[in-house]
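Based on what follows, work out the 3D shape:
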Amino acid sequence: MPAPTSPARPALSLLDRTRTTAPPGGGEVDDAAAIRATVDRAVRAQALGLHRFWVAEHHAVPGVVGPAPAVLLAAVAASLEPSSALRIGSGGVMLPNHVPLVVAEQFAVLQALRPGRVDLGVGRSAGFTAPVREALRAPGSDAEEFTARLSDLLDLLHGRAPVTVRPRVPAPPVTVLATGAGLVTAAHLGLPVVVGGPVLDDPARLEQYRHRFVDRGHGGPRVTVLADVLVADDEAAARRELLPQAWSLAVSRTRGEFPPLPAPGDVDLSGLTARERRTVDAVLAQSVVGTEAEVRRRVGDLLGRLGAGELLVATTVHEQDLQAESDARLADALLG
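Predicted structure coming up:
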């Protein structure tokens, strides 16, 4: 089945992971400032006319301080104009860490605060390290267990469960943050997906998702692409600003923590292992960077190849002013 072509003007959204930053020259990292920066970025996203603003879930990770998506989204909702069209949501709530009833109740509250503007993105990752998983009492990230929990969650949200979720409000749309197994689950349950990483290089997986999709009243198969995207004066400048995020991701995969983002000039690649260096190179190679015109063309090519109608940008840079400038330039490039 051929993938549908993407629209000429794709929806543009942000995933903010609430990253901490390392002060230049050392000093104490301010976790609370990262929380406030996420809320401030949501307000800017509203002004830029973006489609969605999503937040992530990470527990006890030094460089990422967004452990409670529902709480953070309540703060975001309170910061927005009542008439704002910006959707808010989770990218995502990790179901192994939660009882489905509690997730349903939390997002029902959010839906009451922002009627018709709340999204519930879910994933199946457990805690980042063994001590975190133990502290969460998480059963693990088994695909069958995830499917069962997601099915229970959908029943609760849509009034098919033995108990009634309060407040009684229309169910927020549910989206699956999907890899291989997640795509199968999403197709079976008739849910849209967010895909990134290796899936972006394997369109056949999305063809299988569409082929296996079962319409259960949540709409047809829909794909959102998650990617690192940065607009700058040229490609070299964009890659320089993305280097701290790539370095942090490489370190996280081998050492079990996301370090706070250093300034680009403070990134020390000489201390990386060969594996970590390959990860840095791979992250930068898969990123969509360049001038407004270059990014517009590359995003169009990416979404068209995957048949996706929405871009969810996950980029975080060290400087808040530069982050705001980059978001604005990206909005101008894709929405202007």
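
can you map out the strands along the stretch 201-336 of the chain?
Along the stretch 201-336 of the chain, counting by DSSP state E, counting those that start in this stretch, strands occupy 223-227, 229-231, 288-290, 310-313.

partners of the last one in the sheet?
It refers to strand 310-313. Paired with strand 310-313 in the same sheet, following DSSP bridges, are strand 11-16 (parallel), strand 223-227 (parallel).

Contacts for the shortest one next, please.
What it means is strand 223-227. 13, 15, 91, 175, 177, 192-197, 200, 206, 209, 286-288, 302-303, 306-314 (C-beta atoms under 8 Å, 6 or more residues apart in numbering). For every residue, glycine as well, the C-beta is placed using N, CA and C.

switch to 7 Å and redo it
Here strand 223-227 makes contact (C-beta atoms under 7 Å, 6 or more residues apart in numbering) with 15, 192-196, 200, 206, 288, 302-303, 306-308, 310-314.

Where does the prediction get shaky in this protein?
The model of the chain has pLDDT under 70 over residues 1-8, 140-141.

And the helices in it?
With helices called from DSSP state H, the chain shows them at 31-48, 69-79, 100-113, 130-136, 143-157, 180-189, 203-212, 235-255, 274-286, 292-306, 320-335.

what sits up against stretch 294-304?
Contacts with stretch 294-304, where a contact means C-beta under 7 Å, 6+ apart, come from 5-6, 10, 225, 229, 231, 235, 288-290, 311, 330, 333-334.

how about TSV for the residues you listed, with distance to residue 35 added?
Formatted as TSV, the contacts of stretch 294-304 follow (distance: C-beta to C-beta, whole Å):
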residue	distance to residue 35
5	39
6	34
10	29
225	27
229	24
231	26
235	32
288	28
289	27
290	31
311	25
330	23
333	28
334	27
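
Just the residues contacting stretch 232-241, thanks.
230, 231, 264, 284, 289, 290, 291, 294, 317, 322.

which two from these end up farthest apart in space?
Using C-beta to C-beta, the contacts of stretch 232-241 reach their maximum pairwise distance at 264 and 294, which is 19.9 Å.

before we move on, the earlier item: nearest to residue 219, out of the helices of the chain?
Here helix 180-189 is closest among the helices of the chain (C-beta to C-beta), at 11.9 Å.

between that closest one and strand 223-227, how many degrees?
Calculated by axes from the mean of the first three to the mean of the last three C-alpha atoms, to 10 degrees, helix 180-189 forms an angle of 160 degrees with strand 223-227.

Using PDB, list the CA coordinates for helix 180-189.
Extracted as PDB, the C-alpha positions of helix 180-189 are listed here (Å, rounded to 0.1, in the frame of the first residue of the first chain):
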ATOM      1  CA  GLY A 180       8.500  -1.900  15.900                       C
ATOM      2  CA  ALA A 181       6.200  -3.500  18.500                       C
ATOM      3  CA  GLY A 182       4.500  -0.200  19.200                       C
ATOM      4  CA  LEU A 183       3.400   0.100  15.600                       C
ATOM      5  CA  VAL A 184       1.800  -3.300  15.700                       C
ATOM      6  CA  THR A 185      -0.100  -2.300  18.900                       C
ATOM      7  CA  ALA A 186      -1.200   1.000  17.400                       C
ATOM      8  CA  ALA A 187      -2.400  -0.600  14.300                       C
ATOM      9  CA  HIS A 188      -4.400  -3.300  16.200                       C
ATOM     10  CA  LEU A 189      -6.000  -0.600  18.500                       C
END
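
residues in contact with residue 319?
Here residue 319 is in contact with no residues (criterion: C-beta under 7 Å, 6+ apart).

gap between it and residue 223?
Distance, residue 319 to residue 223, by C-beta to C-beta, to the nearest Å: 32 Å.

try residue 329
If you go by C-beta to C-beta, the gap between residue 329 and residue 223 works out to 25 Å.

who's more crowded, the two?
Taking neighbours as other C-beta atoms under 10 Å, residue 329 and residue 223 compare with residue 223 leading, 25 against 18.

Make a markdown table out of the helices of the chain and add distance to residue 122.
Shown next, in a markdown table, are those (distance: least, C-beta to C-beta, whole Å):
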| stretch | distance to residue 122 |
| --- | --- |
| helix 31-48 | 20 |
| helix 69-79 | 10 |
| helix 100-113 | 8 |
| helix 130-136 | 16 |
| helix 143-157 | 6 |
| helix 180-189 | 9 |
| helix 203-212 | 16 |
| helix 235-255 | 22 |
| helix 274-286 | 24 |
| helix 292-306 | 21 |
| helix 320-335 | 25 |
